[in-house]
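> kindly generate the corresponding structure for this input.
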Amino acid sequence: MKSIQESFMLFFIVGLVAFIGNWLGYQAFSGEAAFGMLLLIVIACIGQALGKLLPFPIPSVVYIIVIGIILSLPETPWGPIVIELTAHIQLLSIATPILAYAGIAIGRSWADFAAIGWKAMVVCLLVLFGTLIGSAIIAEIVLRYQGII
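Okay, the predicted model is just below:
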């Protein structure tokens, strides 16, 4: 039960930081944005609780995605309301605190990462740079094909 409470507190803190980032970065300070962020926090909390409480070996993120999809279906009576509330929240304002938390979590276990050995670090760096260069090549091809560059 303590793990669920810690998850709820973490979701609230990340949601608050994301809301502040949405407000400062995109000048989106409104009641709709606040309720939209609160809705996203509630969806994440419910999905996390289902992942911990149900006996199925399904990751919590699956529950969160399914709940989010069901709540935002335009065919449902509540779908347009959910879409309107969450439309005021920019993705980057949510991704930034999540990535910062992930960086802190990895930094805390840096000794474990280093214990894997230098060969694993070389592979990780090659994968990182390969992904970056591959993405840049794909973007270059697509943008040239579309005539944007």
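> so which residue is smack in the middle of this structure?
Geometric centre of the chain, nearest residue: residue 95, 5.2 Å, by CA atoms, centre = their mean.
> what is the burial count for residue 48?
Neighbourhood size, residue 48 [other CB atoms under 10 Å]: 20. C-beta: built from backbone N, CA, C; applies to glycine.
> still on that earlier bit, what's the separation between the residue nearest to the centre of the chain and residue 89?
11 Å (CB to CB, to the nearest Å).
> show me the shaky parts of the protein.
Along the chain, segments meeting pLDDT under 70 span 1-2, 103-114, 116.
> where's the residue nearest to the centre of the chain, which helix or strand?
helix 91-108 (DSSP states H and E).
> and what of residue 58?
In the assignment (DSSP H and E), residue 58 maps to no helix and no strand.
> pull the contacting residues for it.
Counting by CB atoms under 8 Å, 6 or more residues apart in numbering, residue 58 touches residue 51.
> mind starting the numbering at 601 from now?
Renumbered: residue one is now 601, and that last one reads residue 658.
> state the distance from it to residue 616.
From residue 658 over to residue 616 (counting by CB to CB), the distance is 28 Å.
> how is the protein partitioned into domains?
Following automatic domain parsing, one finds the domains of the chain at 602-708, 710-749.
> most packed of the ones you listed?
Across the domains of the chain, averaging neighbours per residue (mean count of other CB atoms under 10 Å) puts domain 602-708 on top, at a mean of 15.
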